[in-house]
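Enquirer: next comes the sequence, and after it the predicted model I'd like to discuss.
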Amino acid sequence: MDIFGHLMQGFSQALLPFNILMAFLGGAMGVMVGALPGLGSVAGVALLLPLTFKMDPTAAIIMLAGIYYGNMFGGSISAILINIPGDSPCVMTALDGNQLAKKGRAGHALFMSFTASFLGGLLGIITLTVVGPALANLGLKFGPAEFTALIIMALTSIGWLLGDNPIKGVISATMGLLIATIGTDLIDGAPRFTFGRLIWPPESRLFQWLSGCLVFPR
């Protein structure tokens, strides 16, 4: 069965009334959790994961997908209204969206953010469905050298993205890398540079909230 055959089979399950209800419930809960600054999409899914333990696997996955996409949009609510992004993808939303909110156009900003999230998510799903298998085969060929080159390209692109003041960008990137090395390693789970502390301040929610207030003051 080709990819479109699998897709049609997936639609036959996803469009069941109960699964559609789970998608709406997951999206609503995801928006509410995503609007809380500092949680983010991954933490939001982890917090609401116990709700799916006794559910049918298909409905549970659909609900988790709705929670994730709702989280991705919900972070723009706090970014636009109080200038504190709920998640890192909403940083750019805070720059322009909060300015519109100060001019009394918060509704317009939220509508534009919702429309962009919906269209971007839809386009991403379609693209991933069509080119996903080819990208998966390409990704399996990536080794340490390719990943290192990709990271170096991402870091060096900071200079030309910032234009007239690349020094600030380099300093910010260096500080971000130094802070990112502190905490639990994502691969083996071992603590790094924590000096024996169970929770290092950059990993605490209070530290993240204070950082957001300093970077994006109201």
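Expert: Yep, that arrived. Bear in mind the structure is a predicted one, so any value in this text is a computation, not a measurement. Numbers count the residues shown, from 1 in each chain.
Enquirer: Gly70 - how many residues pack around it?
Expert: 28 (other C-beta atoms under 10 Å). In short, each C-beta sits where N, CA and C put it, glycine included.
Enquirer: contacting residues for it?
Expert: 26-34 (C-beta atoms under 8 Å, 6 or more residues apart in numbering).
Enquirer: over to Leu110?
Expert: 76-77, 80, 97 are the contacts of Leu110 under C-beta under 8 Å, 6+ apart.
Enquirer: which pair in those residues spans the largest distance?
Expert: Pairwise distances across those peak at 9.4 Å for Ile77 and Gly97 (criterion: C-beta to C-beta).
Enquirer: now the top helix by length along the chain, how far from the centre of its chain.
Expert: Longest helix in the chain, counting residues (DSSP state H): helix 106-140. Helix 106-140 sits 12 Å away from the centroid of its parent chain (C-alpha atoms, centre = their mean, to the nearest Å).
Enquirer: show me what the helix or strand following that helix is packed against.
Expert: Sequence-wise, the next helix or strand downstream of helix 106-140 (DSSP states H and E) is helix 144-162. Applying 3 or more C-beta pairs under 8 Å, 6 or more residues apart in numbering; DSSP states H and E, one finds that helix 144-162 contacts helix 166-180.
Enquirer: helices and strands around the helix it packs on, which ones?
Expert: Checking 3+ C-beta pairs under 8 Å, 6+ apart, helix 166-180 ends up next to helix 144-162.
Enquirer: so what touches the helix it packs on?
Expert: Under C-beta under 8 Å, 6+ apart, the answer for helix 144-162 is 142, 166, 168-170, 172-173.
Enquirer: what's the farthest-apart pair in those residues?
Expert: Phe142 and Lys168 (31.4 Å).
Enquirer: quick one: the residue nearest to Gly34 when sequence neighbours are not counted from Ala43, how far?
Expert: Among residues not flanking Gly34 along the chain, Gly74 sits closest, at 2.4 Å (C-beta to C-beta, 6 or more residues apart in numbering). Applying C-beta to C-beta, to the nearest Å, the value for Gly74 to Ala43 is 12 Å.
Enquirer: of the two, who's got more company?
Expert: When neighbours are counted by other C-beta under 10 Å, Gly74 and Ala43 differ, and Gly74 comes out ahead with 28 against 16.
Enquirer: where does pLDDT dip in the protein?
Expert: For the chain, the stretches with pLDDT under 70 are 1, 38, 40, 159-164, 197-218.
Enquirer: quick one: neighbours of Phe195, just the number.
Expert: 7.
Enquirer: now do the SS call for it.
Expert: Secondary structure, DSSP: H, G, I helix; E, B strand; the rest coil: Phe195 is coil.
Enquirer: for Pro191, what are phi and psi?
Expert: phi -70, psi 140 (degrees, to the nearest 10).
Enquirer: so what sits opposite it in the bridge?
Expert: Beta-bridge pairing of Pro191 under DSSP bridges involves Thr184.
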